[in-house]
Each structure stands twice: as structure tokens, then as C-alpha cells.
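J.: Predicted model and sequence below, questions to follow.
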Amino acid sequence: MTVIPVRLGLQQRVFPEYRAPFFNLLAKSCLQGFSLFAGDPRPEEAIHTAPGLQNGDFQPARNLHISRGKTYALYQQGALQWLERWQPNVLIVEANARYLSTPIAIQWMKHRGLPVIGWGLGAPPAGKAESILRSSFINSLDAVIAYSKTGAEQYTACGLSPQRVFVAANAVAHRPTQTAPHRSNVYKNGKPNLLFVGRLQERKKIDLLLKACATLPAKLTPSLTIVGDGPDRARLEALAKTVFPNAHFTGAKHGAKLDPYFNQADLFVLPGTGGLAVQQAMAHALPVIVGQADGTQGELVRPENGVLLPAANLETLTVALTSALSDIAKLRAMGLASYHIVSEEVNLEIMLDSFAKAIKSVL
């Protein structure tokens with residue numbers, strides 16, 4: 001088991017439910033203790049938050065969300081009180097210059113000669129003023145952990161030494177312990193079974209998936225299972241009735257209740273952005289078709305196990321589905337490649353090892 005010899009504090013904007021397995025694993029590894037500081041999302045974000053930690057300390061923050069048009073900033077009340085109470089000897093913060101209370105927390109640590117590590121998606125191109133602010137913020141950190149190689153390159157471009165930048169591929173599931181499920185080289189009931197799992201939001205572009213399924217050749221017409229709930233569900237169910245009645249909406253499922261859906265599927269599809277269920281699908285030996293998002297999907301989805309859609313439109317999705325479903329032997333080989341990737345390269349245990357390396361580098 002990975003051992004981290006520190007008393008660790010970790011700041012997050014929110015504590016989503018999908019992060020609980022990693023934070024509990026991280027807490028278990030910290031010999032001197034672990035505390036998480038996080039607040040509530042905005043109601044319209046529809047983020048399921050975790051109630052607390054099994055293995056560590058959880059300190060709720062009071063999030064003050066500051067929005068003006070597309071500009072967003074955050075101030076978290078209670079950060080200094082948390083630091084005074086917890087007294088971490090290493091602090092990890094979200095690497096986001098728009099979090100106005102984070103520099104205060106960094107300053108608190110620096111005054112005590114203690115290191116601070118950033119953790120984030122990366123630093124994509126921005127306007128001149130924001131780029132200067134972000135670069136200054138990034139360079140105030142002792143090290144940065146990026147979700148992906150793309151994100152790591154962006155942090156290095158901000159002026160950080162490559163030796164101070166680490167990659168922890170964004171994972172939500174443990175290394176698989178079960179063997180890869182066996183799937184026949186014949187579709188059950190003569191038709192492929194497509195699966196989507198996730199929050200039903202407009203950005204997931206499930207409407208495109210419904211329309212693409214309706215345009216497939218008759219011999220490839222699939223059954224489609226949509227697992228999840230969210231603000232877009234009513235619209236999608238109404239659309240499915242007219243566009244693709246073969247779609248089945250199950251509502252939200254979590255944990256072991258998802259296993260039967262993954263095991264019965266032939267292909268996992270997420271045309272839009274987000275979607276950490278991609279890794280869960282791969283752990284069940286499923287090939288995947290996903291939209292390009294923040295770079296993290298690039299760590300998971302490669303030509304040998306799936307398709308990264310170059311653009312989220314009906315034509316590209318239909319072409320990708322037709323190609324994938326037309327060759328079932330290749331489809332099964334892609335599923336086994338998915339399983340290998342999450343077994344050997346992208347899982348919570350490997351993510352933890354990357355955090356441990358970053359932490360040890362600043363001690």
C-alpha cells in the first residue's frame with residue numbers, strides 16, 4: 001500500500017460523490033492524517049455531493065459564488081480557520097486563479113515554510129490579463145498535479161519547471177479485480193446494446209445519440225439504455241418517443257446496481273463532455289465512443305479501444321457508430337483493450353501513486 005508521511009490538507013470547490021473513493025484512499029495513505037475543505041455547488045450545477053469521509057476529516061466551507069455573465073469567481077469562507085485547526089504540513093489546492101480565497105491559504109502556508117501543491121485540468125489559452133494572473137498564481141505553487149499530459153504541458157507553458165509538474169490521470173474507479181466479462185461474437189437478440197451512464201444534462205448531447213441511433217442501417221439498429229437522471233430528462237424522454245422509441249430510461253443507478261447494465265452492453269457512448277462513467281465502462285471491457293473534452297479523455301480513449309469524436313455532430317457520431325457496430329470481432333477486441341488500460345494505466349491506485357510522488361517531491 002502507498003504510504004504518504006504527512007498531515008495533508010486538501011481544498012476543493014465542492015466534494016462530488018464520485019471523488020469519495022479517491023479521497024478515502026488518499027486519507028487512508030496519510031500517516032499523520034487527512035482533512036478535506038470543500039463547499040456546496042450552485043443549485044443549477046446538479047452535482048451530487050458526498051456527505052463526508054470514511055477515513056478522514058471533512059470541514060465544510062461556505063462557498064460564495066460570484067458570477068457576472070460567463071465570468072465566475074469563488075470565495076470560500078472559513079479557509080483560515082480550517083488551516084489553523086488542522087495545521088497541515090502539506091496543502092493541496094485546486095489550481096484555479098479564480099478562487100479568490102486560495103492565495104490567502106497559500107500565503108498562510110508560505111509564512112510557515114510549508115509547501116503547497118496545485119491540482120487541476122490545466123491552463124488552456126486565455127486573454128492576456130487572465131493569462132498573466134494565472135501564470136503568477138501557478139508559479140506561486142511548489143508543484144502541480146495535472147489531470148492529463150495535455151494539462152501538464154499547459155502548466156509547463158506557464159513557466160513551471162517540468163520537474164515540478166506531475167500527471168495523475170483522472171480516475172474514479174479502483175483497479176479491476178474481476179476478470180474481463182466474456183461477450184459473444186453475436187449480438188444478443190440480434191441487435192447491439194448501446195449504453196449511456198451519467199447525469200442527464202444538455203452538455204452530454206444525448207439528443208445527438210438518439211438521432212444517430214435512428215439513422216443507423218436497419219441491420220445495426222440498436223437498443224439504447226440511458227442510465228441517469230437530471231434536468232434534461234423530461235426533454236430527452238419526449239424526444240425519444242418521436243425519434244427513437246427503442247431508448248430505455250432507467251433513472252439514476254449507483255455502485256453495484258450499475259454492473260448489470262455495463263455487463264449487458266456492447267458499446268458505451270457519450271457524445272458530449274464530462275462523463276467519468278467512461279472509466280467504469282472500460283473496467284467492464286466495453287469499447288467507448290466519447291466527445292473530446294478537457295484532455296482527460298485522451299488518457300483513456302485511443303484508437304485501439306474506442307473513438308474520440310472530433311466534433312459533436314450527428315454526422316461524426318453516426319459514422320463512428322456505424323463503423324464500430326459493423327465489425328463485432330473488432331468491437332470485442334476494443335473492449336479488451338479498454339480493460340487493459342484501466343487495469344494497467346488509469347485507476348485510483350495509480351492516481352494515488354502520482355499524488356504520493358508529487359507530495360514527496362516538495363518535502
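T.: Nice, thanks for sending it over. Residues are numbered from 1 along each chain as shown.
J.: Residue ranges in this structure under the pLDDT threshold?
T.: For the chain, residues meeting the criterion pLDDT under 70 lie at 275, 293-296, 298.
J.: need the helices for it, in chain order.
T.: Taking DSSP state H to define them, one finds helices in the chain at 20-29, 79-86, 102-111, 128-138, 149-157, 206-215, 233-243, 259-264, 277-283, 297-300, 314-326, 328-344, 348-362.
J.: Which one, of these, ends up nearest to Ala169?
T.: Of all the helices of the chain, it is helix 297-300 that lies closest to Ala169, at 4.4 Å by Cβ to Cβ. Where C-beta positions appear, they are placed from N, C-alpha and C, glycine not excepted.
J.: Show me what that closest one is packed against.
T.: The contact analysis (3 or more Cβ pairs under 8 Å, 6 or more residues apart in numbering; DSSP states H and E) places helix 297-300 against helix 149-157, helix 277-283, strand 288-291.
J.: If we use 10 Å, what do you get?
T.: Under the contact definition 3 or more Cβ pairs under 10 Å, 6 or more residues apart in numbering; DSSP states H and E, helix 297-300 sits against helix 149-157, helix 277-283, strand 288-291, strand 306-309, helix 328-344.
J.: Could you dump the ones you listed into a markdown table and include distance to Met351 and mean neighbour count?
T.: Shown next, in a markdown table, are the helices and strands packed on helix 297-300 (distance: least, Cβ to Cβ, whole Å; neighbours: other Cβ atoms under 10 Å):
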| stretch | distance to Met351 | mean neighbour count |
| --- | --- | --- |
| helix 149-157 | 14 | 20 |
| helix 277-283 | 11 | 26 |
| strand 288-291 | 19 | 25 |
| strand 306-309 | 20 | 23 |
| helix 328-344 | 11 | 18 |
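J.: got the contact list for Leu258?
T.: Applying Cβ atoms under 10 Å, 6 or more residues apart in numbering to Leu258 gives the contacts 195, 197, 227, 250, 252, 277, 280-281, 284.
J.: now with 8 Å?
T.: Listed by Cβ atoms under 8 Å, 6 or more residues apart in numbering, the contact set of Leu258 reads 197, 227, 280.
J.: go on, Lys253?
T.: Going by Cβ under 8 Å, 6+ apart, Lys253 touches 197, 227-228, 261.
J.: related to what we said a few turns ago, between the helices of the chain, which gets nearest to Glu44?
T.: Closest among those, using Cβ to Cβ: helix 233-243, at 15.2 Å.
J.: Which one of the helices and strands packed on helix 297-300 lies nearest to Leu64?
T.: Evaluated over the helices and strands packed on helix 297-300, closeness to Leu64 peaks at helix 149-157, with 26.7 Å, by Cβ to Cβ.
J.: May I have that closest one exported as PDB, CA atoms only?
T.: The C-alpha trace of helix 149-157 is given here as PDB (Å, rounded to 0.1, in the frame of the first residue of the first chain):
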ATOM      1  CA  LYS A 149      -0.500  15.100 -20.200                       C
ATOM      2  CA  THR A 150      -2.200  17.900 -22.000                       C
ATOM      3  CA  GLY A 151      -2.800  19.700 -18.800                       C
ATOM      4  CA  ALA A 152       0.800  19.100 -17.700                       C
ATOM      5  CA  GLU A 153       2.100  20.700 -20.900                       C
ATOM      6  CA  GLN A 154      -0.100  23.700 -20.300                       C
ATOM      7  CA  TYR A 155       1.300  24.200 -16.700                       C
ATOM      8  CA  THR A 156       4.800  23.900 -18.000                       C
ATOM      9  CA  ALA A 157       4.000  26.600 -20.600                       C
END
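J.: Run the chain-centre distance for that helix.
T.: Mean C-alpha position of helix 149-157 versus that of the full chain (Cα atoms, centre = their mean, to the nearest Å) differs by 17 Å.
J.: Packing partners of it?
T.: By 3+ Cβ pairs under 8 Å, 6+ apart, helix 149-157 packs against strand 143-146, strand 165-167, helix 297-300.
J.: Fine, thanks again, bye for now.
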